[in-house]
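A.B. asks: kindly return the folded structure for what I paste below:
(one chain, ligands or ions: 1)
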Amino acid sequence: MTHDFLDHGETMTTTSEATAPEIIGGGPPGWWKDAVIYQVYVRSFADGDGDGVGDLPGLSARLPYLAELGADAIWITPFYPSPMADGGYDVADYRGVDPLFGDLQDFDRMVERAHGLGLRVIIDLVPNHTSDRHRWFAEALAAGPGGPARQRYIFRPGRGAAGELPPNDWESVFGGPAWSRVTEADGTPGEWYLHLFAPEQPDLNWRDPEVRGVFAGTLRFWLDRGVDGFRIDVAHGMFKQEDLPDVGRTGQAGLLTTDRLPYWDQDEVHDVYREWRRILDSYPGERIAVAEAWVPNARRLARYLRPDELHQAFNFDFLSAGWSAGEFRTVIEDSIAATGDAAPSWVLSNHDVVRHPTRYGGGGRGLRRARAATLAMLALPGSAYLYQGEELGLEEVADLPEEVLQDPIWERSGRTERGRDGCRVPLPWSGGRPPFGFGPGEAWLPAPAHWRALTAEAQAADPSSTLRLYSDALRLRREIGGGTGLTWLAAPPSVLAFAGENGLACTVNFSGEPAEVALPGELVLASGAVEVRDSHAVLAPETAAWWRL
Ligand code: GLC
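C.D. replies: All right, here's what the predicted structure looks like:
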């Protein structure tokens, strides 16, 4: 197999481009059920125009890398016009492209090129809140208290004698109160509006029929342009309990909080998803939606996956599991049991969480564990979401200088929490100096010097690299075919061992000591050293292996 990871640009014609099945609106039924979906955090993927920020032309040029890696689809984070108060999750216009990232033509070209390479394209929809620069919010401010344009958001009078206190005690996910007070047109202090995230992200009122209607139109707008689906941001947040009750305590919601709160996981949201499913199903070629929903347990999550609702939901329980065979096993069992007829999905990293090699302890040990966890994930039945850079084994960059930090969490927390920039450092592609081929200009966040050894270029040339482990795993996974059922195999307590109906078995040694397992079959891939003896095999510490039965 060739490893043309770095070929890109217009002159390129890779084997994958020539032979990959072009997507023409058909494809196998339920393509998403065992798909590997690669998350592109667009600001940090590849910079085509040299302004230091990743963009759509940069992404287009690098798509062959993703086809070569073996991804089935990409999910692109928001590229819409935005003041970037939250990295683009503050959308000022849902049907355009921010000049920072290109224009609609660049978008169309990117989709066409992706489809030509056999890659489906999922885009990020942000329905819980708009930007405060959205036309609707300007109209709401101008309308004054009681004005119909305020109905699209959640405005309330304050409490206290002069309305000087917020309407309730809800807290913003990013820190501080979830309410901000506006100044009315006549200059007097006025009503308060709800923002579960930054003040620049006012929450929409999903009980307003116009809001609902316009979003349905936005779905169609992008489906008509050929997108294969949507990732739904804060899918559990759109409806708030109507009477807006106090929670009664502080320290309520972090980004990853799954507690029951009056602003998360309200039943009314499911009606919207039923409507969206009907829209998706009215297009050819199995368009899908995946929910970002931080909910208390796998059972609540399964409600988003009922047959007439969404296709998938991120399985954050898997991402949250500690490094132990027991925890992994419990999460895997619960997830499979709860998803029922929908296929389970698995994820270890994304743009909101600390990269998994760092979560698992960092350094050599963190990387060893991360590589093993990845092989476990990719052997499980269902689909897997990869986050850009995990295929390079990148760690969280924990020591970014304070003056470059952009995540609103940094300021909102009174500079006590650094936020998520550490997992958003632009990708190292090639060369020996920052920004390592990310683009012609200085990147918006600096890459550490030691990433020179981790560039895609350096790793493509090294058969023992993490990049090659990922591409080998994805190639084998495609060859063997996605599994459905799963059987646990007998193994010592610190070893997770399972086999799928597709004939692929996986053994993961979670301990810091070598572990012996009965030989499950023929060794096809391993994340570290594996010694095969007559009837058994010895897995090095924190190592996973794949076996063909
Ligand atoms: C989601 C996104 C996150 C963003 C938040 C508010 O959780 O993944 O990046 O900050 O929504 O839109």
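
A.B. asks: for the stretch 301-450 of the chain, what lies in contact range of the ligand?
C.D. replies: Residues of the stretch 301-450 of the chain that fall close to the ligand, judged by C-beta under 6 Å from any ligand atom: 351-352. Any C-beta I mention is one placed from the backbone N, CA and C, and that applies to glycine too.

A.B. asks: what ranges does the stretch 301-450 of the chain have for its strands?
C.D. replies: Assigned by DSSP state E, counting those that start in this stretch, the strands in the stretch 301-450 of the chain fall at 312-313, 345-347, 383-387.

A.B. asks: and the longest one, what does it pack onto?
C.D. replies: So the one you mean is strand 383-387. Counting contacts by 3 or more C-beta pairs under 8 Å, 6 or more residues apart in numbering; DSSP states H and E, strand 383-387 is packed against strand 36-40, strand 345-347.

A.B. asks: what angle separates it from strand 36-40?
C.D. replies: Put simply, strand 383-387 runs at 20 degrees to strand 36-40, going by axes from the mean of the first three to the mean of the last three C-alpha atoms, to 10 degrees.

A.B. asks: for strand 383-387, which positions count as buried?
C.D. replies: Buried positions in strand 383-387, judged by neighbour count with 16 or more other C-beta atoms under 10 Å: 383-387.

A.B. asks: need those in JSON lines with pLDDT, can you?
C.D. replies: Compiled in JSON lines, these are given as follows (pLDDT from 0 to 100):
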{"residue": "Ser383", "pLDDT": "95"}
{"residue": "Ala384", "pLDDT": "97"}
{"residue": "Tyr385", "pLDDT": "98"}
{"residue": "Leu386", "pLDDT": "98"}
{"residue": "Tyr387", "pLDDT": "98"}
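
A.B. asks: any weak-confidence spans in the chain?
C.D. replies: Applying pLDDT under 70 to the chain flags residues 1-28, 483.

A.B. asks: in it, what residue lies closest to the ligand?
C.D. replies: Tyr89 (3.3 Å; C-beta to the nearest ligand atom).

A.B. asks: so Glu442 is in contact with Gly50, correct?
C.D. replies: No: using C-beta atoms under 8 Å, Glu442 makes no contact with Gly50, being 9.2 Å away.

A.B. asks: the more surrounded of the two?
C.D. replies: Glu442 (15 against 12; other C-beta atoms under 10 Å).

A.B. asks: identify the residues contacting the more buried one.
C.D. replies: Contact analysis of Glu442 by C-beta atoms under 8 Å, 6 or more residues apart in numbering lists 52, 434-435.

A.B. asks: just the helices in the stretch 201-350 of the chain please.
C.D. replies: In the stretch 201-350 of the chain, the helices defined using DSSP state H, counting those that start in this stretch lie at 209-224, 269-281, 298-302, 316-320, 325-339.

A.B. asks: the ligand contacts on the stretch 51-200 of the chain?
C.D. replies: 86, 89, 126, 197.

A.B. asks: okay if I get these as TSV plus neighbour count, distance to Pro296 and secondary structure?
C.D. replies: As requested, those are exported to TSV (neighbours: other C-beta atoms under 10 Å; distance: C-beta to C-beta, whole Å; DSSP: H, G, I helix; E, B strand; the rest coil):
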residue	neighbour count	distance to Pro296	secondary structure
Asp86	23	25	coil
Tyr89	24	23	coil
Val126	25	23	coil
Phe197	27	20	coil
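
A.B. asks: distance to Ala537 added to the residues you listed, as TSV?
C.D. replies: TSV is the format used below for these (distance: C-beta to C-beta, whole Å):
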residue	distance to Ala537
Asp86	48
Tyr89	46
Val126	47
Phe197	48
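
A.B. asks: so who does Ala518 touch?
C.D. replies: Here Ala518 is in contact with 489-491, 535-536 (C-beta under 8 Å, 6+ apart).

A.B. asks: same thing but 10 Å
C.D. replies: 489-491, 497, 507, 535-537 (C-beta atoms under 10 Å, 6 or more residues apart in numbering).

A.B. asks: just among those, which is most surrounded?
C.D. replies: Scoring the contacts of Ala518 on neighbours with other C-beta under 10 Å, the highest-scoring entry is Thr507 at 30 neighbours.

A.B. asks: that residue belongs to a strand, doesn't it?
C.D. replies: Yes: using DSSP: H, G, I helix; E, B strand; the rest coil, the assignment for Thr507 is a strand.
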